[in-house]
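Novice: Generate coordinates for the sequence data below:
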Amino acid sequence: MTCVFRTKLHVALLIATIIVATYGPAEAAVLFSPATLAPSTANLQCLVTNVSEKPVTIQVQLIKTDGSGSSIVKDTTPIVVPAGRSINSSELTTGDVAYCKVTIKGSKTAVRGAILVFDTHIGAIVLQLPTT
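Specialist: Got it, this is the predicted structure:
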């Protein structure tokens, strides 16, 4: 009986090893925007668009940074974004510095992202920097 159990265990481990070796773990790509200053009349926003032809799982984080460290201000958690659609993570105001972190389940070529500075006083985007 012990011999049969060990044989079944070995077969199960062999099958699991073959599956992982064949398909590999789920790959995640990570993109970052430059750290950007929000003027006193502006919001910072992370905007990410799925430019692929199929749904993509994306997580967008707006991360505040200063001389003593960084902290996540907004986090979309992983969300499935349909082809051609966008998600937005915002906002941070009044002289803060922050950057966007975009995590994609799959290839980073599936998305385009940017950090936007939206001036609330004039109601327009005044700066847009891409994620890389």
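Novice: got the buried residues for stretch 49-66?
Specialist: By neighbour count with 16 or more other Cβ atoms under 10 Å, stretch 49-66 contains the buried residues 49-50, 52, 56-64. All C-beta spots, glycine's among them, are computed from the backbone N, C-alpha and C.
Novice: pLDDT on it, on average?
Specialist: The pLDDT scores in stretch 49-66 average 95.
Novice: So what's the gap between that stretch and the chain middle?
Specialist: A distance of 4 Å separates the centroid of the chain from that of stretch 49-66, by Cα atoms, centre = their mean, to the nearest Å.
Novice: Pull the residues that contact stretch 48-58.
Specialist: Around stretch 48-58, the neighbours that count as contacts under Cβ atoms under 8 Å, 6 or more residues apart in numbering are 60, 76, 78-88, 100, 102-107, 109-113, 131.
Novice: Going through these, which ones are buried?
Specialist: In these, the ones that pass as buried (16+ other Cβ under 10 Å) are 60, 76, 81, 87, 100, 102-104, 106, 110-113, 131.
Novice: Check these and tell me the two furthest apart.
Specialist: Cys100 and Gly106 (18.1 Å; Cβ to Cβ).
Novice: List of residues touching stretch 118-125?
Specialist: Here stretch 118-125 has contacts from 39, 41-45, 90-91, 93, 116-117, 126, using Cβ under 8 Å, 6+ apart.
Novice: same thing but 6 Å
Specialist: The contact list for stretch 118-125 (Cβ atoms under 6 Å, 6 or more residues apart in numbering) reads 41-43, 45, 116, 126.
Novice: So what's the residue count around the spatially closest residue to Ala38 that is not a sequence neighbour?
Specialist: Once flanking residues are discounted, Ala38 sits nearest to Leu44: 4.7 Å by Cβ to Cβ, 6 or more residues apart in numbering. Applying other Cβ atoms under 10 Å, we find 28 residues neighbouring Leu44.
Novice: so who does Leu116 touch?
Specialist: Residues in contact with Leu116 (Cβ under 6 Å, 6+ apart) are 45, 47, 125, 128.
Novice: pLDDT score assigned to it?
Specialist: For Leu116, pLDDT reads 94.
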